[in-house]
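Participant: Would you be able to build a 3D model of this:
(chains A and B)
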There are 2 protein chains.
Amino acid sequence: MSITEKRHTDPERAQSRRRQVLDAAALCFSRSGFHGASMAEISKAAGMSAGHIYNYFDGKDAIIAAFVEEEVERVALLLRDLEQKDDPLQAIVDESDNSVDEHMAPDFWRLKLEIFAEASRNPKVAAVMVNADLRMRTQFRAIVKAGRERHGLAADDATIDGRLEATIALFQGLALRALHHPELDKAALKRAYRVGLGALLLS
Amino acid sequence: MSITEKRHTDPERAQSRRRQVLDAAALCFSRSGFHGASMAEISKAAGMSAGHIYNYFDGKDAIIAAFVEEEVERVALLLRDLEQKDDPLQAIVDESDNSVDEHMAPDFWRLKLEIFAEASRNPKVAAVMVNADLRMRTQFRAIVKAGRERHGLAADDATIDGRLEATIALFQGLALRALHHPELDKAALKRAYRVGLGALLLS
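Facilitator: Sure, this is the predicted structure:
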């Protein structure tokens, strides 16, 4: 079930080549879908031979796993930053305008939807997503629990788990709103998100 | 841009044949993805020749359009039912356990994710989705507006639009939680949804 990444001796050069493949793959997946995009199309977009790409990734599943890992690292940084704040839960509410913008950026949500669809039918990709979600959730859960205890709010396991899931659903659902309602009033949405997040995290 | 459905003289028989194709297509899309599923695969699963299927649907885009239209009809019925209630907004909160279950049923969310991914790269399918969302949203918006006015809550356009989008995001996000966290504590999630929905609709 493991989707391995191959290792190289010159880490800097390998890193830059991997980046080149990932950027090309993101473009091809958004354009043709995960199934529609062939390794030949990706190699053309990356300006690299397919054989060369296989030095870095075992195939399309491994490319998706790399995207998911990048997202885990991005979220881990955000959460570490949040942990340093005086009042992390209030900070999530106060800074939710930025989070909304991030989740509704077209490059962000288009690639996400492609990965989600693949995960819904490919058990290897699903396992990668489930594992990534668990790691992000564990880190986020500790913040929510500590924050609620600090505010003197209910912090039993069920309350924490429920609030956590609903909060994540609210953010992940933004990709679907961007798809279904491209012209939505973002300023109005952001005001509503502050209300919803405030209720889920701080009540 | 129109994805037309072909018309037939024997409506009952045509209806049952269309159903047969849609059930087969749902199975094939979930198994192989929209791109991976060929009309040949769908015709095999439906026990019908591909030529026969083309009597009912112009192609895979038209099949997706039919799924979307079924969803519009399902939601329209639910909303009409809601409109009859004494307090529709309170009813949304009180009955949200059922809505959560519906959105997290595997057959429901797997097909949805497949359609969402296709819509993110196929402008014809995207146009169908955007139009369907507009029709459902318009009906839902009237309920939210009347309900908030009745409760003496802010009911200006921006407030209504924001609360509406956040509420829909919360429900649509459930498909993504089901994918990422199959073992989640549903009872805890439902309690949190009542809190989130109550804040978005009734505060």
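
Participant: Could you check how far the spatially most central residue of chain A is from B:T138?
Facilitator: Taking Cα atoms, centre = their mean, the centroid of chain A lies closest to A:E71, which sits 4.3 Å from it. With the distance defined as Cβ to Cβ, to the nearest Å, A:E71 ends up 34 Å from B:T138. The way it works is simple: take the backbone N, C-alpha and C, and place the C-beta from them, glycine included.

Participant: ok, now A:A26?
Facilitator: Taken as Cβ to Cβ, the span from A:A26 to B:T138 is 35 Å.

Participant: which residues sit in contact with A:G173?
Facilitator: B:168-173, B:176 (Cβ atoms under 8 Å, 6 or more residues apart in numbering or on different chains).

Participant: Dump these to CSV, plus pLDDT.
Facilitator: Below are the contacts of A:G173 laid out as CSV (pLDDT from 0 to 100):
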residue, pLDDT
B:I168, 98
B:A169, 98
B:L170, 98
B:F171, 96
B:Q172, 95
B:G173, 96
B:L176, 95
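
Participant: Going along the chain, name the helices of chain A.
Facilitator: A:11-36, A:39-46, A:50-53, A:60-83, A:88-94, A:96-104, A:106-121, A:123-150, A:157-180, A:186-202 (DSSP state H).

Participant: of all these, which lies closest to B:D58?
Facilitator: Proximity to B:D58 (Cβ to Cβ) singles out helix A:11-36 among the helices of chain A, at 19.8 Å.

Participant: and that closest one, which residues are buried?
Facilitator: A:14, A:17-18, A:20-22, A:24-30, A:32-36 (16 or more other Cβ atoms under 10 Å in any protein chain shown).

Participant: which among the residues you listed are in contact with chain B?
Facilitator: The residues of these that also fall near chain B, by Cβ under 8 Å from any Cβ of the partner chain, are A:30, A:32-36.

Participant: Which single one of those is nearest to A:V75?
Facilitator: A:S30 (21.0 Å).

Participant: what's the closest non-adjacent residue to the closest one?
Facilitator: Closest residue to A:S30 apart from its sequence neighbours, by Cβ to Cβ, 6 or more residues apart in numbering or on different chains: A:R110 at 4.7 Å.

Participant: what number of residues lie near the one you found?
Facilitator: 20 (other Cβ atoms under 10 Å in any protein chain shown).

Participant: just the one 3 residues further on next, same as before
Facilitator: Other residues near A:L113 come to 25 when the count uses other Cβ under 10 Å.

Participant: Tell me the pLDDT of it.
Facilitator: As predicted, A:L113 sits at a pLDDT of 87.

Participant: Repeat that for A:R31.
Facilitator: Confidence score, pLDDT, at A:R31: 83.

Participant: how close does the residue of chain A lying at maximal distance from its centre get to B:A199?
Facilitator: In chain A, counting by Cα atoms, centre = their mean, A:G152 sits farthest out from the average C-alpha position, at 30.6 Å. From A:G152 across to B:A199, the span is 19 Å (Cβ to Cβ).

Participant: same question, A:E95
Facilitator: 19 Å.

Participant: cool, and A:R19?
Facilitator: Distance from A:R19 to B:A199, by Cβ to Cβ: 42 Å.

Participant: again with A:F108
Facilitator: 26 Å.

Participant: Looking at the two now, which is surrounded by more residues?
Facilitator: B:A199 (20 against 16).

Participant: so the more buried one touches A:G196, yeah?
Facilitator: Yes - contact criterion Cβ atoms under 8 Å: B:A199 and A:G196 qualify, at 5.9 Å.

Participant: Check what pLDDT A:T4 gets.
Facilitator: 53.

Participant: Buried residues, stretch A:91-109. List them.
Facilitator: For stretch A:91-109, by 16+ other Cβ under 10 Å, it's A:91-93, A:96, A:99-100, A:103-104, A:108-109.

Participant: and chain B, which of these contact it?
Facilitator: Among these, chain B is touched by A:W109 when using Cβ under 8 Å from any Cβ.

Participant: Could you tell me which ranges of chain A sit under the pLDDT cut-off?
Facilitator: A:1-9 (pLDDT under 70).

Participant: Show me the domain layout of it.
Facilitator: Using automatic domain parsing, the domain parsing of chain A gives A:1-58, A:71-202.

Participant: just to revisit the earlier point, what sits against the residue nearest to the centre of chain A?
Facilitator: A:A132.

Participant: about what we covered before: which among the domains of chain A is found nearest to B:I115?
Facilitator: Nearest to B:I115, of these and by Cβ to Cβ, is domain A:71-202 at 8.7 Å.

Participant: Now the terminal residues of that closest one, how far apart.
Facilitator: Length of domain A:71-202, first residue to last, Cα to Cα, to the nearest Å: 26 Å.

Participant: How about stretch A:53-68, which residues are buried there?
Facilitator: So stretch A:53-68, judged by 16+ other Cβ under 10 Å, has buried residues A:53, A:56-57, A:60-68.

Participant: Report the separation between the residue nearest to the centre of chain A and chain B.
Facilitator: 11 Å (Cβ to the nearest Cβ, to the nearest Å).
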